[in-house]
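Chemist: Below is the sequence, then the predicted model.
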Amino acid sequence: MNKEQLDNLNIMIRENFLNPDDYPNAKKNKALIGSVYKNDFEESGKWFSQKDYINVIQKIAKFSKDEEFLVIEDFERTYKSSGKVVRLSETVAESWIQFSAFTERTDILSFFAIGRSQNWVIWANRDYWCILVKKSIDKILKLDNKQELNIASFSEADEEFISFIKNLYS
């Protein structure tokens, strides 16, 4: 995809799924439900645990028939040397091996990921990630989205972050 297409996709995600700039009221669509997961990047060097990836992301991607998904940086970079403005992106296969390899080699700091089905979107950084999925899919797949457990896993969370989590579940 060229930069204009990536920018348009970024706008579409922010208008229809999730806009981190509107935190804590980031969710943009009542037909979606979301969860937040803590990363252990400092300890493991991984953005996602294999268990969370397989039980959540890969499960949703397979159900949605998304054999791959597009990862786009959620901000633009301006290179000082050239002044060139870019938005890093990559298409990644839905397998854990491919996704894990991508996260180990990427220069991306935070990103959106979305499949062709547009049934779900991820927003991630190295501290935590959240996924929004259509409520109808969540019910079919019986994803273990329990708001209380989600809040409990962020014991250090302030009221604004707790409000963010509750907004994702609403």
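Modeler: Here it is on my side, so go on.

Chemist: could you give the mean pLDDT of the top helix by length along the chain?
Modeler: Counting residues, the longest helix found in the chain (DSSP state H) is helix 3-16. Taken as a whole, helix 3-16 carries a mean pLDDT of 95.

Chemist: which SS class is Ile114?
Modeler: Classification of Ile114 using DSSP: H, G, I helix; E, B strand; the rest coil returns strand.

Chemist: who touches the nearest residue to it once chain neighbours are set aside in this structure?
Modeler: Beyond its immediate neighbours in the sequence, the residue positioned closest to Ile114 (Cβ to Cβ, 6 or more residues apart in numbering) is Val121, lying 4.8 Å away. All C-beta spots, glycine's among them, are computed from the backbone N, C-alpha and C. Each residue near Val121 by Cβ atoms under 8 Å, 6 or more residues apart in numbering is listed here: Ile13, Phe17, Leu18, Phe112, Ala113, Ile114, Ile131, Leu132.

Chemist: Neighbour count and distance to Met1 for those residues - can I get that in CSV?
Modeler: Below are those laid out as CSV (neighbours: other Cβ atoms under 10 Å; distance: Cβ to Cβ, whole Å):
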residue, neighbour count, distance to Met1
Ile13, 22, 13
Phe17, 22, 18
Leu18, 26, 20
Phe112, 23, 13
Ala113, 23, 14
Ile114, 21, 12
Ile131, 25, 22
Leu132, 26, 21
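
Chemist: Next, give me the two most distant ones among the residues you listed.
Modeler: Ile13 and Ile131 (12.6 Å; Cβ to Cβ).

Chemist: For Leu168, give me its contacts.
Modeler: Ala26, Lys27, Ile33, Gly34, Ser35, Val36, Cys130, Leu132.

Chemist: Recalculate using a threshold of 7 Å.
Modeler: Under the criterion of Cβ atoms under 7 Å, 6 or more residues apart in numbering, the contact list for Leu168 reads Lys27, Gly34, Ser35, Val36, Cys130, Leu132.
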